[in-house]
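Q: sequence and predicted structure, then a few things I'm wondering about:
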Amino acid sequence: MVDSKESKGMPGKYPGFASRVQAAMKDHAITVTDIKAKLSISYEMARRYMHGQAMPRQDKIVLLAELLKSSPAKLQFGDSEIVAERKSNANKFVPPQGTGGKAMIDAGDLTKLIDLFAKSTPQGRSSILDMASRVEKIDIRRKNSTKDKPQ
């Protein structure tokens, strides 16, 4: 199951993910070859997932979770209670005082958020940009801008 070569000096970027995958593989007698077949990926990529050197895309996480009899959230983030707490706190945003009830967000940060959300919707980036432009409670400001006007 576990490669004897391990990662030969290459530390994994996702050690928590790797340990959860390896534990589930051991519990259910799943091999790297099983992962390769289920996810339709190369043996090397399956091995990299197992060692935390790579993180699967969301569609592959779902397939991997099915194979390992786990949830995608638990594989990615660990204990499901932590994930539930994060989700419950996500809707508790309060705009800073003195902003007239408007949230301030940097344009670069907004772009990163849009890219993240765009991956989760079939309509993609354009529909999210359209929705974001309709929101009246967000002022987009450029970092280090001499102008103080919202863009």
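A: Yep, that arrived.
Q: low-confidence ranges in the protein?
A: By pLDDT under 70, the low-scoring segments of the chain are 1-11, 80-106, 121-151.
Q: helices of that one, start to end?
A: 15-27, 32-39, 43-50, 58-67, 72-77, 80-90, 107-118, 125-134 (DSSP state H).
Q: tell me the most buried of those?
A: Sort the helices of the chain by mean neighbour count, taking mean count of other C-beta atoms under 10 Å, and helix 43-50 sits at the top with a mean of 20. Any C-beta I mention is one placed from the backbone N, CA and C, and that applies to glycine too.
Q: which residues sit against that one?
A: Contact partners of helix 43-50, identified using C-beta atoms under 8 Å, 6 or more residues apart in numbering, comprise 2-3, 17-18, 21-22, 25, 32-33, 35-36, 39, 54-56, 64.
Q: per-domain residue ranges of the chain.
A: 15-83, 93-151 (automatic domain parsing).
Q: now do the nearest residue to residue 71 once chain neighbours are set aside against residue 75, distance only.
A: Nearest residue to residue 71 in three dimensions, chain neighbours excluded: residue 65, at 5.7 Å (C-beta to C-beta, 6 or more residues apart in numbering). Residue 65 sits 5 Å away from residue 75, going by C-beta to C-beta, to the nearest Å.
Q: tell me the one of the contacts of helix 43-50 nearest residue 110?
A: Using C-beta to C-beta, residue 55 comes nearest to residue 110 of the contacts of helix 43-50, at 23.6 Å.
Q: for that closest one, give me its contacts.
A: Here residue 55 is in contact with 13, 14, 17, 49, 76 (C-beta under 8 Å, 6+ apart).
Q: in contact with the residue nearest to residue 71, which residues are there?
A: Listed by C-beta under 8 Å, 6+ apart, the contact partners of residue 65 are 71, 72, 74, 75.
Q: my guess is the third one contacts residue 20, does it?
A: Okay, so that is residue 74. Yes - with contacts counted by C-beta atoms under 8 Å, residue 74 reaches residue 20, the gap being 7.1 Å.
Q: mutual contacts of those two, please.
A: In contact with both residue 74 and residue 20: no residue, using C-beta under 8 Å, 6+ apart.
Q: with that, I have no additional questions.
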